[in-house]
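**Student:** Take this sequence and fold it.
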Amino acid sequence: MYKKKSFFITFEGIEGSGKSYQALKLYKKLKKLKLASILTREPGGTKNAERIRKLILEDYFDQNSGEKFDKYTDTLLYLAARNEHILKVIKPALTKKKIVICDRFIDSTLAYQVYGKKVDKKLVNVIHKHILNNINPNITFILKVNINAALKRLNKRKIKNRYDKFSKNFYINVQKAFLNIAKKNKRKYFVLDNSEDNKETENVILKKTMKLLGV
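**Tutor:** Below is the predicted model of the structure:
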């Protein structure tokens, strides 16, 4: 018999990897099994954090002047949104022994801002030390994808934000960063190739989750 417990699951990967889709699929399956779960995302998850998300991902600069945020301003906005998210959504849900499924978390900051844009890792670590409150994922699913397949998926999107418009090389480097992060802690990371659009990935994720939950 399943014993209710808090559990934190995150999904990571580049744009077009299918992480948001897989996070939603897992959430729906857990709900169908009547397991207390929530689905959330970063940046976002709360009203104020969603405002920051809009500022970051949409048109946050003056198109005429070309002015845009410095990479440190950009990173601090992500971390501010995360602080709100943890305090208002993630921590309360875990306290109530719910299963939290989050589309992106701290590994995205490391892959995109630290490894991708060369933001000082020490700064990110110091801020995380203050805002995480020892909250870390129990399992992180990293979805790797053939870059050309990812770009085809991105081209099909009707609404794009600036993260859907980076160069092919940028996505290659960010994906390498995710995979390097996973290598450092194989017990807490589970890497799946999601280049093909089939249900096998869904089934593997559900099976792994059920095993970890003890269902």
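
**Student:** can you pull the buried residues of the helix or strand hosting residue 73?
**Tutor:** Using DSSP states H and E, residue 73 sits in helix 71-85. For helix 71-85, burial by neighbour count (16 or more other CB atoms under 10 Å) applies to 74, 75, 76, 77, 78, 79, 80, 81, 82, 83, 84, 85. C-beta: built from backbone N, CA, C; applies to glycine.

**Student:** Then stretch 173-191?
**Tutor:** Here stretch 173-191 shows 173, 174, 175, 177, 178, 181, 182, 189, 190, 191 as buried, counting by 16+ other CB under 10 Å.

**Student:** how long is it from one end to the other?
**Tutor:** Counting by CA to CA, to the nearest Å, you get 16 Å between the two ends of stretch 173-191.

**Student:** Contacts for that stretch next, please.
**Tutor:** 12-14, 17, 107, 110-112, 114-116, 137-145, 147, 208 (CB atoms under 8 Å, 6 or more residues apart in numbering).

**Student:** Okay, and the beta partners of residue 144?
**Tutor:** residue 193 (DSSP bridges).

**Student:** Equivalent analysis for residue 100, please.
**Tutor:** Here residue 100 shows beta-bridge partners residue 8, residue 38, assigned using DSSP bridges.

**Student:** how near is it to residue 53?
**Tutor:** Using CB to CB, to the nearest Å, one obtains 18 Å as the distance from residue 100 to residue 53.

**Student:** the more surrounded of the two?
**Tutor:** Neighbour count, other CB atoms under 10 Å: between residue 100 and residue 53, residue 100 has more, with 25 against 21.

**Student:** for the more buried one, what are its contacts?
**Tutor:** For residue 100, the contact set (CB under 8 Å, 6+ apart) comprises 6, 7, 8, 9, 37, 38, 40, 89, 90, 93, 94.

**Student:** Ok, residue 45 next?
**Tutor:** Listed by CB under 8 Å, 6+ apart, the contact partners of residue 45 are 81, 84, 85, 88, 89, 90, 102.
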